[in-house]
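>>> Make a model of this:
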Amino acid sequence: MDVARNKNEDLNQLLVADLKKKLSVIYKGGGDKRIEKQHLDGKLTARERIDYLLDANSKSIEIGAFAGDDMYEAQGGCPSGGVIVKIGFIKNKLCIIVANDATVKAGAWFPITGKKNLRAQEIAMENRLPIIYLVDSAGVFLPMQDEIFPDKENFGRIFRNNAIMSSMGITQISAVMGSCVAGGAYLPIMSDESLIVENTGSIFLAGSYLVKAAIGETIDNETLGGAISQTEISGTIDYKAKTDKEALDKIKNIIDKIGANNKAGFNRIKSLEPKESEKDIMRILPNLRTQPYDMLDIIKCLVDNSEIEEYKKDYGKTLICAYARIDGWAVGIVANQRKIVKNAKGEMQFGGVIYSDSADKAARFIANCNQKKVPLVFLQDVTGFMVGSKSEHGGIIKDGAKMVNAVSNSVVPKFTIIIGNSYGAGNYAMCGKAYDPRLIVAWPSAQLAVMGGAQAAQVLLQIEVSSLKKQGKIITKENETALLHKIESNYKTQSSPYYAAARLWTDAIINPLDTRKWISMGIDAANNAPIEKHFNLGVFQV
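I've put the predicted structure just below:
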């Protein structure tokens with residue numbers, strides 16, 4: 001056992017080390033030379049601006065650090081989607097900050113940049129968080145304009161959200177700290193209050209070159225839309241500042257005057273550390289996704305005092321449903337049990353598979369948490385629902401639909417941690433991205449796909465071989481093996497947590513030891529938004 005656990009620990013530590021290595025590169029944005037250029041221009045970088053804005057020594061979490069990872073190599077790359085998003089405390093008030101990274105293509109907007117900005121606004125709206133935009137962008141990345149401009153989830157939706165958030169009473173503050181051009185100019189002006197930094201900040205619908213081309217007027221950018229023009233002449237901007245730090249200090253002062261929201265009222269008491277060491281997670285989590293383990297051991301490393309109250313402990317054993325506390329917050333946990341269990345009939349049930357009894361139990365537990373106003377935490381390591389004639393005749397689709405219905409209609413905030421496998425309909429039932437978790441993160445050990453790699457590769461191989469045979473081609477055993485390896489390699493890439501994070505299917509890949517912080521900060525944010533809907537399951541197949 002110790003040998004196996006040591007191997008687990010070695011692999012998981014390597015996965016975390018690889019995560020930290022990848023992040024260290026991403027944190028450099030466009031690289032050292034462009035950071036140096038930013039400093040020579042008298043500007044802080046996006047990350048430096050955020051760090052200065054946040055309260056010293058306070059907790060924060062970053063959304064979408066891997067956005068765009070390996071997606072735009074032909075265009076020179078787009079680290080973090082060219083925009084940094086963090087949730088943290090300013091003057092002891094939880095806020096979300098969105099900062100263009102001008103070291104990445106001058107802060108130009110790629111398709112993923114728009115998606116990431118919309119995700120930040122979604123978090124602000126769901127949780128009623130003040131949102132601060134630190135604008136320093138050259139505008140749309142023109143070679144990809146057709147993927148950025150016209151659709152519902154593209155660039156223009158951001159300004160629609162500005163208007164919606166204003167009507168919701170959500171504070172929006174913008175600081176123009178560099179370029180702010182064309183349609184992007186609407187963002188600061190549709191915010192509640194706006195600032196501009198002298199000499200480095202400029203805002204206009206069309207820059208000097210376009211003005212010359214369009215109407216023949218010769219004018220420089222500073223005169224056209226610099227700090228003096230937009231504060232003293234047009235009155236478009238509310239405040240001007242001499243430096244980045246002065247602008248950020250003004251934002252702090254504005255935030256400091258905001259009144260408190262009505263709270264949702266989630267239950268919280270004094271936080272207790274788990275009795276079981278969080279570091280034991282590294283020893284418990286197997287080095288292969290197919291190996292069984294006891295999810296209860298993981299849970300006890302995450303919850304206060306390692307104490308849980310299991311719901312229907314002896315029924316539906318492939319799903320653990322339990323009440324607990326995380327950093328003092330009361331939570332309801334729905335987790336896939338990964339060890340092989342035996343049901344009341346003496347039948348063996350596979351770990352990580354959702355059976356009819358498990359789905360029924362989870363649906364009832366989710367309803368109870370909504371009744372009690374208890375936030376839900378989903379710990380995913382799921383291969384899917386049980387298949388076969390016995391399961392079909394037992395109503396697996398009906399019971400699975402109950403669980404999906406309950407997850408879909410849940411009104412308490414939901415938080416999803418993808419620990420291991422996240423396959424097919426199991427991803428949906430366990431509150432995947434499509435089911436509106438307030439935050440969804442993955443451990444480096446996660447895998448997301450429509451089905452397991454081995455099964456998918458065999459299915460895809462059969463389809464490919466059949467197609468080649470129809471074309472009259474002779475397929476040898478060697479051809480088949482080479483084809484299988486190619487399919488497996490592609491599938492492995494696409495099921496990686498980094499592939500998912502690059503596309504914002506998850507908000508982050510995190511060190512497992514940061515899980516308590518993410519859940520706690522998520523509930524703290526959610527507590528700012530009173531629950532306005534009643535839990536209603538609609539047409540429910542009882």
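
>>> who's Ser174 bridged to?
Note on Ser174: beta-bridge partners Tyr133, Ser194, judged by DSSP bridges.

>>> give me every residue that touches it.
Shown in contact with Ser174 (Cβ atoms under 8 Å, 6 or more residues apart in numbering): 132-135, 187-189, 191, 193-195. For glycine as for every other residue, the C-beta is placed from the backbone atoms N, C-alpha and C.

>>> show me where pLDDT drops low in the stretch 201-350 of the chain?
Scanning the stretch 201-350 of the chain for pLDDT under 70 picks out no residues.

>>> tell me the contacts of Met430?
Counting by Cβ under 8 Å, 6+ apart, Met430 makes contact with 334, 336, 378, 380, 382, 407, 416, 422.

>>> Closest to Asn117 out of the residues you listed?
Set against Asn117, the nearest of these by Cβ to Cβ is Thr416 (21.8 Å).

>>> Extract the C-alpha set from the helix or strand of the chain with the lowest mean pLDDT and format it as PDB.
Using mean pLDDT, DSSP states H and E, helix 453-470 stands out as the lowest-scoring helix or strand of the chain, at a mean of 74. Taking Å, rounded to 0.1, in the frame of the first residue of the first chain, the C-alpha atoms of helix 453-470 are listed here in PDB:
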ATOM      1  CA  GLY A 453     -10.000   7.100 -24.500                       C
ATOM      2  CA  ALA A 454      -9.700   3.300 -25.000                       C
ATOM      3  CA  GLN A 455     -13.300   2.900 -25.900                       C
ATOM      4  CA  ALA A 456     -13.400   6.000 -28.200                       C
ATOM      5  CA  ALA A 457     -10.200   4.900 -30.000                       C
ATOM      6  CA  GLN A 458     -11.700   1.500 -30.800                       C
ATOM      7  CA  VAL A 459     -14.900   3.000 -32.100                       C
ATOM      8  CA  LEU A 460     -13.100   5.500 -34.200                       C
ATOM      9  CA  LEU A 461     -10.800   2.800 -35.500                       C
ATOM     10  CA  GLN A 462     -13.700   0.600 -36.600                       C
ATOM     11  CA  ILE A 463     -15.300   3.600 -38.400                       C
ATOM     12  CA  GLU A 464     -12.000   4.500 -40.200                       C
ATOM     13  CA  VAL A 465     -11.200   1.000 -41.200                       C
ATOM     14  CA  SER A 466     -14.700   0.400 -42.500                       C
ATOM     15  CA  SER A 467     -14.400   3.600 -44.600                       C
ATOM     16  CA  LEU A 468     -11.000   2.700 -46.000                       C
ATOM     17  CA  LYS A 469     -12.200  -0.800 -47.000                       C
ATOM     18  CA  LYS A 470     -15.200   0.700 -48.800                       C
END
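
>>> buried residues in the helix ranked longest in the chain?
In the chain, with assignment by DSSP state H, the single longest helix is helix 2-26. Neighbour counts over helix 2-26 (16 or more other Cβ atoms under 10 Å) mark 5, 8-9, 11-12, 15-16, 19, 22-23, 26 as buried.

>>> just stretch 132-152 next, same as before
Residues 132-141, 147-148 are the ones in stretch 132-152 that count as buried (16+ other Cβ under 10 Å).

>>> So what's the gap between it and the chain middle?
Centroid separation for stretch 132-152 versus its chain: 20 Å, with Cα atoms, centre = their mean, to the nearest Å.

>>> can you give me the helices for the stretch 251-400 of the chain?
Assigned by DSSP state H, counting those that start in this stretch, the stretch 251-400 of the chain shows helices spanning 281-284, 295-302, 356-372, 389-393, 396-409.

>>> Save these as CSV, and put in distance to Ser467 and mean neighbour count too.
Output for the helices of the stretch 251-400 of the chain, formatted as CSV (distance: least, Cβ to Cβ, whole Å; neighbours: other Cβ atoms under 10 Å):
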stretch, distance to Ser467, mean neighbour count
helix 281-284, 43, 22
helix 295-302, 41, 22
helix 356-372, 36, 22
helix 389-393, 30, 11
helix 396-409, 31, 20
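
>>> Columns distance to Lys37 on top of these, output as TSV?
As requested, the helices of the stretch 251-400 of the chain are exported to TSV (distance: least, Cβ to Cβ, whole Å):
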stretch	distance to Lys37
helix 281-284	41
helix 295-302	43
helix 356-372	51
helix 389-393	61
helix 396-409	48
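
>>> which intervals of the stretch 401-542 of the chain have sub-threshold pLDDT?
The model of the stretch 401-542 of the chain has pLDDT under 70 over residues 451-457, 540-542.

>>> show me where it has strands.
Secondary structure of the stretch 401-542 of the chain by DSSP state E, counting those that start in this stretch: the strands cover 414-423, 439-442, 447-449, 508-509.

>>> elements contacting the last one?
By that I understand strand 508-509. strand 60-63, strand 439-442, helix 497-502 (3 or more Cβ pairs under 8 Å, 6 or more residues apart in numbering; DSSP states H and E).

>>> Buried deepest among these, which one?
Ranked by mean neighbour count, the helices and strands packed on strand 508-509 are led by strand 439-442 with a mean of 25 (mean count of other Cβ atoms under 10 Å).

>>> tell me how far it is from the chain's mean position?
For strand 439-442, the distance to the chain centre is 5 Å (Cα atoms, centre = their mean).

>>> Who does that strand pair with, and is each partner parallel or antiparallel?
strand 414-423 (parallel), strand 508-509 (parallel).

>>> Just put the strands of the stretch 401-542 of the chain in TSV and tack on distance to Gln230.
Below are the strands of the stretch 401-542 of the chain laid out as TSV (distance: least, Cβ to Cβ, whole Å):
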stretch	distance to Gln230
strand 414-423	41
strand 439-442	36
strand 447-449	45
strand 508-509	36
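
>>> And the ones you listed: which comes nearest Gly351?
Evaluated with Cβ to Cβ, these place strand 414-423 nearest to Gly351, the distance being 10.4 Å.

>>> ok, and for that closest one, which residues are buried?
414-423.

>>> before we move on, the earlier item: now flag whichever of the buried residues of helix 2-26 is closest to Thr481.
Closest to Thr481, out of all of these and judged by Cβ to Cβ, is Leu11, at 27.0 Å.

>>> Please report the distance of the nearest residue to that closest one once chain neighbours are set aside from Lys86.
Once flanking residues are discounted, Leu11 sits nearest to Asn287: 4.0 Å by Cβ to Cβ, 6 or more residues apart in numbering. Noted for Asn287: a distance of 32 Å to Lys86, by Cβ to Cβ, to the nearest Å.

>>> Among those two, which residue is more densely surrounded?
A side-by-side neighbour count of Asn287 and Lys86, using other Cβ atoms under 10 Å, places Lys86 first with 23 against 16.

>>> Which residues does the helix or strand hosting that one contact?
Assigned by DSSP states H and E, Lys86 belongs to strand 83-90. Strand 83-90 is contacted from outside by 46-47, 50, 53-55, 58-64, 67, 94-101, 107, 113, 116-117, 119-120, 123, 129-130, 132, 251-252, 255, 521, 525, using Cβ under 8 Å, 6+ apart.

>>> Can you pick out the ones from those residues that are in strands?
Using DSSP state E, the members of the contacts of strand 83-90 that fall in strands are 60-63, 94-100, 132.

>>> between the residues you listed, which is nearest Gln471?
Distances from Gln471 to the ones in strands among the contacts of strand 83-90, taken by Cβ to Cβ, are shortest for Ile63, at 46.8 Å.

>>> quick one: that closest one and Ile87, what's the gap?
Ile63 is 7 Å from Ile87, by Cβ to Cβ.

>>> between these two, what contacts are shared?
By Cβ under 8 Å, 6+ apart, the residues touching both Ile63 and Ile87 are 96, 123.

>>> and which of the ones in strands among the contacts of strand 83-90 is nearest to Leu461?
When the ones in strands among the contacts of strand 83-90 are compared against Leu461 (criterion: Cβ to Cβ), the nearest one is Ile63, at 37.7 Å.

>>> Nearest spatial neighbour of that closest one, chain-adjacent residues omitted?
Closest to Ile63 by Cβ to Cβ, 6+ apart is Val85, at 4.3 Å.
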